[in-house]
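>>> Here is my input; please provide its structure:
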Amino acid sequence: MAQRHLDPTDPTAAAAPVPADALAAYLRSQATEFLRALRQHQETGAGAAGGPAESVDAARALRRSARRISGSLHTFRPLLDETWAEELRPELAWLSGTLALEHACQSRLDRLLQALNRLSPRTEPPTDTLVDVAAGSRADLAGGSRADLAAGSRADLAAGSRAAGAARVGAAAPAPAAPGTTAPATAAPATAAPRTVPHPAPPARSPAPPEARGNLTVGAAKAGALLDRQLTLARTRAHSTALQALGSARFHAVADKVAVLASDVPLAPAAQTADLRPLAAAAEERLTDAVAALPLVTAGHPYNAEALVHGLSPDPAPHPQDAPWHQVRLLLRLHRYACEALRGGEDPGTPVDARLLTAGQALNRHREASEAAAAAAAAARTPRIAPATAYALGVLHADQRHEVEAARFAFQQCWQQRTVTAG
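Predicted coordinates:
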């Protein structure tokens with residue numbers, strides 16, 4: 001018998017109840033995805049050709065299916081066997097968090113190094129100064145008419161006129177040596193002074209000392225090396241932890257339960273006549289309440305600098321104002337997974353609302369920037385680092401806090417648009 005699934009864009013489908021069979025189909029599909037990703041991870045992780053990239057994709061698919069199963073067990077737990085759900089849900093959360101550590105360390109390092117390259121100036125020597133120095137030194141070494149020819153051609157290249165250079169080369173042979181002298185034209189000392197005449201005057205430069213730009217560049221390089229050393233060590237430890245977790249008896253117990261879930265979903269007796277919509281609506285209500293507690297009015301003003309408050313706090317704990325936003329991110333995921341479960345096992349990877357996906361991406365950027373700023377602050381607390389390194393890490397920390405602020409602004413704009421459209 002064909003099963004009808006809820007279409008959130010169809011207002012006539014809102015009154016149609018969604019049976020527990022949709023939840024069972026969704027859980028079975030996610031369990032199948034989990035087992036498929038696990039098999040791919042075992043094959044690529046064993047040293048198969050092209051293993052590293054495929055192993056990363058398999059680990060990501062494992063985390064993805066584990067999050068969806070765990071979130072669905074949390075949202076629809078009244079319709080499932082209570083003992084089974086309470087045993088499996090925290091184990092899946094543990095597995096997803098363990099596998100995510102290595103990826104988080106690598107992405108955090110890439111983000112910080114890219115920010116350092118973006119913030120660091122390029123201290124390239126002026127091209128006209130290089131032409132002057134090269135022409136003068138080579139003229140002194142060559143001497144005579146060869147020196148005149150080399151200096152004239154280099155000056156013409158600096159001025160951008162090849163035609164004038166050809167004319168000057170043709171007139172250089174019969175020219176006298178220098179005013180007031182009887183030296184022949186081939187004498188090097190007499191022709192040294194006129195060589196500098198064709199050079200254009202160098203452009204006016206700002207009186208700012210070059211030491212400031214150079215110090216930031218050196219400090220950024222040292223800061224990048226420090227961050228690379230710390231985060232690479234953290235990523236190596238996370239990789240070892242993930243390998244140990246995937247080989248542990250705890251993980252094999254989780255995999256066995258998921259394998260059973262792929263064929264049999266232990267529903268509660270009350271699920272036979274239950275409707276999924278009230279539980280999904282409760283998840284959306286929790287999300288709405290959490291969003292209402294956020295300072296969206298402040299976040300709606302760009303460059304409000306709210307994310308930089310207490311930026312100089314010596315407390316190494318995570319920034320306290322970020323916690324509500326992280327909680328909204330988790331609740332948004334639960335709401336999105338609940339919307340997917342209402343549609344059963346049909347294409348669960350496609351979001352039911354594009355605005356939910358956009359809001360989730362903004363909150364993901366918020367968390368990544370927040371954790372990157374915390375990593376920069378932790379690196380700046382390293383004892384006995386150079387002042388230029390500490391300064392570069394401070395600039396990097398402020399830049400990532402500005403990224404936090406930009407992500408909050410993007411979420412506010414997306415959520416306000418969603419509220420107006422829904423109204």
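
>>> From here on, just use CA atoms for contacts and neighbour counts.
Fine.

>>> Quick one: mean pLDDT for whichever strand or helix holds residue 231?
In this structure, residue 231 sits in helix 210-246 according to DSSP states H and E. Averaged over helix 210-246, pLDDT sits at 83.

>>> Where does pLDDT dip in the protein?
Scanning the chain with the threshold set as pLDDT under 70 gives 1-15, 45-52, 122-216, 310-313, 315-318, 345-352, 418-423.

>>> can you pull the buried residues of the helix holding residue 231?
Buried residues in helix 210-246, counting neighbours by 16 or more other C-alpha atoms under 10 Å, are found at 214-217, 219-224, 226-228, 230-232, 234-235, 238-239, 241-242, 245-246.

>>> so what does the next helix or strand after that helix touch, helix or strand wise?
Note on helix 210-246: by DSSP H and E, the next helix or strand toward the C-terminus is helix 249-261. Secondary-structure packing of helix 249-261 (3 or more C-alpha pairs under 8 Å, 6 or more residues apart in numbering; DSSP states H and E): helix 20-45, helix 82-119.

>>> looking at those helices, which is closest to residue 267?
Between residue 267 and those, the tightest spacing by C-alpha to C-alpha is seen for helix 20-45, at 8.0 Å.

>>> what's the angle between that closest one and helix 210-246?
110 degrees (axes from the mean of the first three to the mean of the last three C-alpha atoms, to 10 degrees).

>>> what comes up buried for helix 20-45?
20-35, 37-38, 40-45.

>>> what's the answer for stretch 353-370, then?
Neighbour counts using 16+ other C-alpha under 10 Å place 356-357, 359-370 of stretch 353-370 among the buried residues.

>>> got a list of contacts for stretch 239-248?
Contact with stretch 239-248 is made by 95, 98, 99, 101, 102, 251, 252, as judged by C-alpha atoms under 8 Å, 6 or more residues apart in numbering.

>>> cool, and stretch 397-411?
115, 299-308, 311, 358-359, 362-363, 365-367, 369-370, 372-374, 376-377.

>>> likewise stretch 64-77?
Contacts of stretch 64-77 (C-alpha under 8 Å, 6+ apart): 27, 30-31, 33-34, 80, 85, 88-90, 92-93, 95-96, 276, 279-280, 283, 333-334, 337-338, 341.

>>> what about 7 Å?
The list of residues contacting stretch 64-77 from outside it, by C-alpha atoms under 7 Å, 6 or more residues apart in numbering, reads 27, 30, 33-34, 85, 89, 92-93, 96, 279, 283, 334, 337-338.

>>> Same check on stretch 95-115?
Identification of contacts with stretch 95-115 by C-alpha under 7 Å, 6+ apart yields 59, 63, 66-67, 224, 228, 231, 234-235, 238-239, 242, 372.

>>> and the two most separated of those residues?
For these, the maximum inter-member distance is 34.1 Å, found between 66 and 224 (C-alpha to C-alpha).

>>> Return the distance of the closest residue to residue 20 other than its chain neighbours relative to residue 77.
Counting by C-alpha to C-alpha, 6 or more residues apart in numbering, the nearest residue to residue 20 once its immediate chain neighbours are dropped is residue 271, at 5.9 Å. Per C-alpha to C-alpha, to the nearest Å, residue 271 is found 10 Å from residue 77.

>>> go on, residue 416?
31 Å.

>>> More neighbours: which of the two?
A direct count of neighbours by other C-alpha atoms under 10 Å for residue 416 and residue 77 places residue 77 higher, at 19 against 13.

>>> Need the phi and psi values for the more buried one.
Per-residue torsions, residue 77: phi -60, psi -30 (degrees, to the nearest 10).

>>> ok, how many other residues are close to residue 80?
Residue 80: 22 surrounding residues under other C-alpha under 10 Å.

>>> can I assume it is in contact with residue 269?
No. Between residue 80 and residue 269 there is no contact under C-alpha atoms under 7 Å: 8.4 Å.

>>> okay, the angle between the helix or strand containing residue 396 and helix 210-246?
Taking DSSP H and E as the criterion, residue 396 maps to helix 387-422. Here helix 387-422 runs at an angle of 70 degrees relative to helix 210-246 (the same axes, to 10 degrees).

>>> Tell me where the stretch 251-400 of the chain has helices.
Shown for the stretch 251-400 of the chain, the helices assigned by DSSP state H, counting those that start in this stretch span residues 277-292, 296-299, 323-342, 354-380, 387-422.

>>> mind checking the SS state of residue 17?
coil (DSSP: H, G, I helix; E, B strand; the rest coil).

>>> That one contacts residue 273, doesn't it?
No. Assessed by C-alpha under 7 Å, residue 17 is found out of contact with residue 273, at 9.9 Å.

>>> Can you pick out the residue with more neighbours from the two?
The neighbour count for residue 17 versus residue 273, taken as other C-alpha under 10 Å, is higher for residue 17 (17 against 12).

>>> show me the residues around that one that make contact.
275, 277.

>>> Distance check, it against residue 356.
23 Å.

>>> Surely the residue nearest to residue 20 touches residue 81?
No. Using C-alpha under 7 Å as the test, residue 271 is too far from residue 81 to be in contact (9.8 Å).

>>> In PyMOL, how would I select just the buried ones from the contacts of stretch 239-248?
In PyMOL, this line selects whichever of those come out buried by 16+ other C-alpha under 10 Å:
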select buried, resi 95+98+99+101+102+251
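
>>> Kindly reformat the contacts of stretch 64-77 as CSV containing distance to residue 407.
Listed next are the contacts of stretch 64-77 as CSV, based on distance: C-alpha to C-alpha, whole Å:
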residue, distance to residue 407
27, 32
30, 30
33, 31
34, 31
85, 35
89, 30
92, 29
93, 26
96, 24
279, 30
283, 23
334, 20
337, 22
338, 24
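
>>> Show me what counts as buried in stretch 294-305.
Within stretch 294-305, the residues that count as buried by 16+ other C-alpha under 10 Å are 294, 296, 299, 300.

>>> Tell me how many other residues surround residue 335.
Residue 335 has 24 neighbours, counted by other C-alpha under 10 Å.

>>> Surely it is in contact with residue 283?
Yes. Counting by C-alpha under 7 Å, residue 335 touches residue 283, with 5.5 Å between them.

>>> returning to that earlier point: can you pick out the most distant pair from the buried residues of stretch 353-370?
Every pair of these checked by C-alpha to C-alpha; the farthest is 356 and 370, at 20.9 Å.
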